[in-house]
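1. Here's a sequence, model it:
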Amino acid sequence: MEAKAVWKGDLTFVGSADSGFSLVMDTFKEVGGNESGFRPVELIAIGVAGCTGMDVISILKKKRQEVTAFEVLVHATRATEHPKKITHMLIEYVVTGKNIDPAAVERAVQLSEEKYCPSIATIRNNVTIENKIVIKEA
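-> Numbering: from 1, shown residues only. Below you'll find the model as predicted:
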């Protein structure tokens, strides 16, 4: 995988990778940014949410769970001192559907977090990760 960030002025960068997609990164005005894009650390949390979300929904489909809506929320806590790294993530899985089996969801989350999600595997030794599962009947 190759990725790059191209400076566009002030603290704005456009990031891209092998997939061919791009996104704007920026930061707060009070530190020199224009608030015109994602903060780079936000992308770590978004990457974790998307990675584990793809795993979990794929597993739930294979388990023939009738999911009608699915959302992954990452509640990240950062250190107060520089480098202000992410120290803790609570990953909240909100599954809506008909007759969803809680054991199937728990197993899908476990498989994603422990085996399949490369984003979680990359940060696991540096970030405390917890999860919360919410199941809603459609």
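2. so what are the domain limits for the protein?
-> 1-38, 40-137 (automatic domain parsing).
3. what's the average pLDDT for stretch 77-94?
-> The pLDDT scores in stretch 77-94 average 98.
4. picking up where we left off before, need the winner for burial among the domains of the chain.
-> Ranked by mean neighbour count, the domains of the chain are led by domain 40-137 with a mean of 15 (mean count of other C-beta atoms under 10 Å). C-beta: built from backbone N, CA, C; applies to glycine.
5. And that domain, end to end?
-> In domain 40-137, first residue to last residue: 35 Å (C-alpha to C-alpha, to the nearest Å).
6. Residue 11 touches residue 36, doesn't it?
-> No - in this structure residue 11 lies outside contact range of residue 36 using C-beta atoms under 8 Å: 9.5 Å.
7. Spit out the residues that contact these two alike.
-> Residues touching both residue 11 and residue 36 (C-beta atoms under 8 Å, 6 or more residues apart in numbering) are residue 26.
8. By residue count, what's the longest helix in the chain?
-> helix 40-62 (DSSP state H).
9. Now do that one: which elements does it pack against?
-> Packing partners of helix 40-62 (3 or more C-beta pairs under 8 Å, 6 or more residues apart in numbering; DSSP states H and E): strand 22-25, strand 66-78, strand 86-98, helix 102-111, helix 118-123.
10. Next, format the ones you listed as a markdown table and append distance to residue 15.
-> Below are those laid out as a markdown table (distance: least, C-beta to C-beta, whole Å):
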| stretch | distance to residue 15 |
| --- | --- |
| strand 22-25 | 6 |
| strand 66-78 | 19 |
| strand 86-98 | 18 |
| helix 102-111 | 29 |
| helix 118-123 | 16 |
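11. Thanks a lot, catch you later.
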